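Chemist: Need a 3D model of the sequence below.
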Amino acid sequence: MNKLIRINLNQTISKAQLEHQKEERKRWFVFILICILFLGYIGWFGFINNRMDHIIENRKNTIKQIINDTEKLKKEGKINLSKADIKTLNKLESKRMFWAPKLIALSEITPDRMSITGFEYDHKRLKISAISSVDKTQKDFDIVEDFMIRINENKEFNKDFKDIKFESMEKSNAKGNEVLSFTIQARLK
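Modeler: The predicted structure is shown next:
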C-alpha cells in the first residue's frame, strides 16, 4: 500500500493563533472580573453613602423636632430654659459624686477578716464603721491602720475624700473570738 501524507488544507487557524486566542480570552476574563469588582465597589460605596445620608437626615429631623418641642413648651410656659440654667446644671453634674464606684472600691480593699457594718454621711463627713476578727499576733491598732492605709492608697475612693482619721475602737468577745469594732472618718474635699 501506498502510504501518503495527508495534509488538511482546510485548516484556517494555526496552533500559534489558537494559543493567541486562549491568551486573549484569559485577558478578557481578567478584565471583565476587574470590571465586575470595580462595579461592585461602586455599588457598595453608593449603598454606604445612601445609608449615611439617611442617618444624617434622621439626625437633622430629630434636632428639628427637639427644637420645635422646646419652642412649644416655652410658649405653653412649661419650660423656661436659659443659658444660665444649662450652665448651672452642667456645673451640678460635674461636681456630682457617684457612690457606686466608691463602694465597689471599698469592698475590694476590705480584708477578708473584716466587714463593713455601717456608713454615715453628715456635713461632708463620711463615717465608716467596721468589725474585724483579731489574730493574737496582731496589735489592735495595726488592723485599723492597715485599713486606713488601704483607703488612702485606693485612687477611686480617695479622689473625693481627704483627712482620713481614726475615730473610735472597741474590743469585745463574740462566741469565744476576739472582735475589734472601730470607726474611721473621712472628710469630703
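Chemist: Show the backbone phi and psi for residue 175.
Modeler: With angles defined as degrees, to the nearest 10, residue 175 sits at phi 60, psi 40.
Chemist: pLDDT score assigned to it?
Modeler: Looking at residue 175, its pLDDT stands at 77.
Chemist: What's the separation between it and residue 133?
Modeler: 11 Å (Cβ to Cβ, to the nearest Å). Where you see a C-beta, it was placed from the backbone N, CA and C, and this is true even at glycine.
Chemist: Neighbour count: these two, which is higher?
Modeler: residue 133 (16 against 5; other Cβ atoms under 10 Å).
Chemist: Any figure for the gap between the spatially most central residue of the chain and residue 139?
Modeler: By Cα atoms, centre = their mean, the mean C-alpha position of the chain lies nearest to residue 101, the distance being 14.6 Å. Residue 101 is 32 Å from residue 139, where distance means Cβ to Cβ.
Chemist: And for residue 31?
Modeler: Applying Cβ to Cβ, the value for residue 31 to residue 139 is 87 Å.
Chemist: neighbours around residue 66, how many?
Modeler: Residue 66 has 10 neighbouring residues, counting by other Cβ under 10 Å.
Chemist: ok, now residue 144?
Modeler: Look at residue 144: counted by other Cβ under 10 Å, it has 21 neighbours.
Chemist: which residues are contacting the helix or strand containing residue 178?
Modeler: According to DSSP states H and E, residue 178 maps onto strand 177-188. Contact with strand 177-188 is made by 97, 117, 124-134, 136, 140, 143-144, 147-148, 151, 160-173, as judged by Cβ atoms under 8 Å, 6 or more residues apart in numbering.
Chemist: Below-threshold pLDDT in the protein: ranges please.
Modeler: For the chain, the stretches with pLDDT under 70 are 1, 8-12, 78-81.
Chemist: For the helix ranked longest in it, what is the distance to the chain centroid?
Modeler: Across the chain, the longest stretch assigned as helix under DSSP state H is helix 15-76. Computed by Cα atoms, centre = their mean, to the nearest Å, the chain-centroid distance of helix 15-76 equals 31 Å.
Chemist: If anything else comes up later, I'll come back, but that's it for now.
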